[in-house]
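In: Need a 3D model of the sequence below.
(one chain, ligands or ions: 1)
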Amino acid sequence: MTTLKSLACLGVLALVPLAAFAQDFFGPLDGLKLAKPEDGIDTPSTPAPAGALLLFDGKSLNNWTSKDGGPASWELLSGGSMQVKKGDLVTKEKFDGHFKLHVEFRVPYMPKATGQGRGNSGVYSQGRYEVQILDSYGLMSLDNDCGGIYKVATPLVNACKAPTVWQAYDIDFTAPKFADGKKVAPAKINVIQNGQPIHKDVLIPIDNTVSGMGGDPSTPGPIMLQDHGNPVQYRNIWLVKVKD
Ligand code: MG
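Out: Down below sits the predicted model:
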């Protein structure tokens with residue numbers, strides 16, 4: 001019995017260092033100098049307007065599945081958010097035409113990571129066109145940085161908040177138009193990040209950005225949130241269908 005007790009004791013002790021070294025990705029921004037104080041203040045949450053489709057209300061993942069149609073695997077957190085875990089997430093509903101999508105997110109503080117490995121995720125309209133999510137705080141933004149239409153368009157300004165701080169995208173998306181099987185108008189996108197316009201009427205010349213779901217671009221597609229291996233968090237996601 002003494003031996004068992006000792007082993008149990010060792011087991012408990014072995015857990016202590018792990019807990020002590022567990023990284024708090026949403027803890028204090030030690031070592032990060034903010035360019036201005038508001039960069040460290042959350043963008044206020046915007047309630048869904050009347051008639052909006054509430055895709056994520058912070059309470060359940062009922063409107064989402066994995067990309068292959070399996071159960072949504074992301075972690076539901078107390079406080080009404082969810083965190084990337086085990087694969088891309090897609091809405092059960094697919095969308096076409098013109099819609100406005102509101103997404104709130106925050107990226108982890110990963111001071112030792114760089115480039116595309118630093119708080120990477122992304123919001124894909126129709127599963128095909130990514131607005132990049134990344135920790136691009138304070139950088140000269142490129143087309144693969146936060147707010148970029150991935151490898152298609154560079155944000156007009158770097159509107160990023162500091163990591164761990166809640167941000168918002170308001171994406172106004174119009175699907176490409178087809179007639180007689182031919183594309184007659186490309187996808188069009190406007191994006192506002194934290195209240196600042198970062199894309200104005202950008203025409204997307206391709207039918208799928210990197211790591212998108214692809215498929216027939218004339219068909220509806222889901223909203224997809226990317227798992228790029230980093231613990232990015234989301235809250236309050238809603239969509240308004242626009243009748244032009
Ligand atoms: Mg991404």
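In: From here on, just use CA atoms for contacts and neighbour counts.
Out: Noted.
In: where does the protein dip in pLDDT?
Out: 1-22 (pLDDT under 70).
In: Please name the bridge partners of the most centrally placed residue in the chain.
Out: Most central in the chain under Cα atoms, centre = their mean is residue 122, positioned 4.2 Å from the mean C-alpha point. Beta-bridge pairing for residue 122 (DSSP bridges): residue 132.
In: Does it touch residue 130 like I think?
Out: Yes. The criterion here is Cα atoms under 8 Å, and residue 122 meets it with residue 130 at 6.0 Å.
In: how many other residues sit next to residue 78?
Out: Other residues near residue 78 number 9, with proximity taken as other Cα atoms under 10 Å.
In: ditto for residue 92
Out: For residue 92, using other Cα under 10 Å, the count is 18.
In: Ok, residue 209 next?
Out: There are 20 residues near residue 209, going by other Cα under 10 Å.
In: okay, now the nearest residue to it once chain neighbours are set aside: neighbour count?
Out: The shortest distance from residue 209 to any non-neighbouring residue, by Cα to Cα, 6 or more residues apart in numbering, is to residue 129 (5.4 Å). Number of residues near residue 129 (other Cα under 10 Å) recorded here: 30.
In: Identify the residues contacting residue 129.
Out: 123, 149, 150, 207, 208, 209, 212 (Cα atoms under 8 Å, 6 or more residues apart in numbering).
In: now it: how far from the ion?
Out: Distance, residue 129 to the ion, using Cα to the ion, to the nearest Å: 11 Å.
In: Ok, residue 106 next?
Out: 13 Å.
In: try residue 73
Out: Distance from residue 73 to the ion, counting by Cα to the ion: 18 Å.
In: Phi, psi for that residue please.
Out: Residue 73 adopts backbone torsions of phi -100, psi 0, taken as degrees, to the nearest 10.
In: Skipping its backbone neighbours, what lies nearest residue 185 in space?
Out: Closest residue to residue 185 apart from its sequence neighbours, by Cα to Cα, 6+ apart: residue 177 at 5.0 Å.
In: Tell me, how many residues neighbour residue 109?
Out: 25.
In: Give me the contacts around stretch 64-80.
Out: Contacts of stretch 64-80 (Cα under 8 Å, 6+ apart): 57-61, 82-92, 235-236.
In: Tell me where this structure has helices.
Out: Assigned by DSSP state H, the helices in the chain fall at 2-21.
In: Show me what from it comes close to the ion.
Out: Within reach of the ion by Cα under 5 Å from the ion, the chain has these residues: 121, 122, 132.
In: burial measure for the closest residue to residue 232 other than its chain neighbours, as a count.
Out: Once flanking residues are discounted, residue 232 sits nearest to residue 107: 4.9 Å by Cα to Cα, 6+ apart. Per other Cα under 10 Å, the neighbour tally for residue 107 reads 27.
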